[in-house]
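Engineer: What follows is a predicted structure for the sequence shown.
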Amino acid sequence: MHLISGFLLISLLSLAISWQPNSRVLIRSSPMTLARPSALFSTTPAVPPPPTAPSDENSAAETEWTKPRLHNSAAFRSAAILGALALASQSPVQPSAAVSAYVHVLAFGTWFGTVAYTTFVAGITMFKNLPRKTFGKLQAKLFPKYFMLSSATLVLQLVTVRSLSIYSKKAVTALAVALAMTVLNQFVLEPISSNNMMERYNLEDAGDTGTDRYKKLKADFGKFHGMSSLTNLIAMCAGVVHAVYLASALVV
């Protein structure tokens, strides 16, 4: 049980922290020069200085946002989290029960927090502040990882819930419903919606927005996107139900 739970925990942590932000973005800056006081009143148009070819050192400085740091690496984060779990594992509870409990709570917190943040904070903020196509392309990259993380953490919850005091048919049913909705989104609804969206973008770039194909894609997108949002909501509601069962175990 120790080996299985430890393996599942490490798999969850590796999946959760495997994504690394891109540390290089192109930053264009122009040097600011101060004009002489007499030049402010001169009638002779100012002649800009000739452009200079950027050196390799300057190019690197312009494109480098931040240098890689040890504490930002996936290995360091994994070691830190596992170290914290090792310290917290000094508990009077039986080791096997403790392992199952903290794997379950960690998995539930990761999953439900991700769903709530993506649904109510990140998605809405990006939708309101990004151009439509930029927002769509970003979501097409994020959603596969979002559903993959959700599926992995839900599987962990189903594996570990049997050893907890809250184990019941209703608790398992709530998690099973959430997993079913997530898998449906991950392998069916999200890929269809993203492919539809990308094809519509290509038609828009080609100026073919008046074609029957474009109109059909637009109608289909609304349908599949609606089903994707609904299944995501059902999964979240199942998570709320499971949270009630978890909270009942805290009441003495």
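Structural biologist: Structure's in. What do you need?
Engineer: Checking Leu250 next. Helix, strand or coil?
Structural biologist: Taking DSSP: H, G, I helix; E, B strand; the rest coil as the rule, one finds Leu250 in the coil state.
Engineer: hmm, who's touching the host helix or strand of Pro191?
Structural biologist: Using DSSP states H and E, Pro191 falls within helix 190-205. By CB atoms under 8 Å, 6 or more residues apart in numbering, the residues outside helix 190-205 that reach it are 133, 136-137, 139-140, 143-144, 147, 209, 211, 213-214, 217-218, 220-221, 224-225, 228. Yep, even glycine has a C-beta here, placed from its N, CA and C like the rest.
Engineer: pLDDT weak spots in the chain?
Structural biologist: 1-65, 85-86, 88-95, 252 (pLDDT under 70).
Engineer: hey, where'd the helices end up in it?
Structural biologist: Remark: helices assigned in the chain by DSSP state H are 2-17, 56-63, 74-88, 95-117, 123-129, 132-160, 169-184, 190-205, 212-248.
Engineer: As a markdown table, those helices with mean neighbour count would be great.
Structural biologist: Output for these, formatted as a markdown table (neighbours: other CB atoms under 10 Å):
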| stretch | mean neighbour count |
| --- | --- |
| helix 2-17 | 16 |
| helix 56-63 | 11 |
| helix 74-88 | 13 |
| helix 95-117 | 18 |
| helix 123-129 | 12 |
| helix 132-160 | 18 |
| helix 169-184 | 19 |
| helix 190-205 | 17 |
| helix 212-248 | 16 |
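Engineer: who's in contact with Ile166?
Structural biologist: Taking CB under 8 Å, 6+ apart as the test, what Ile166 contacts is Tyr245, Leu246, Ser248, Ala249.
Engineer: I'd assumed Ser168 was in contact with the first one.
Structural biologist: Yes: distance between Tyr245 and Ser168: 7.3 Å, which falls inside the contact criterion (CB atoms under 8 Å).
Engineer: what are the phi and psi values for Arg69?
Structural biologist: phi -120, psi 150 (degrees, to the nearest 10).
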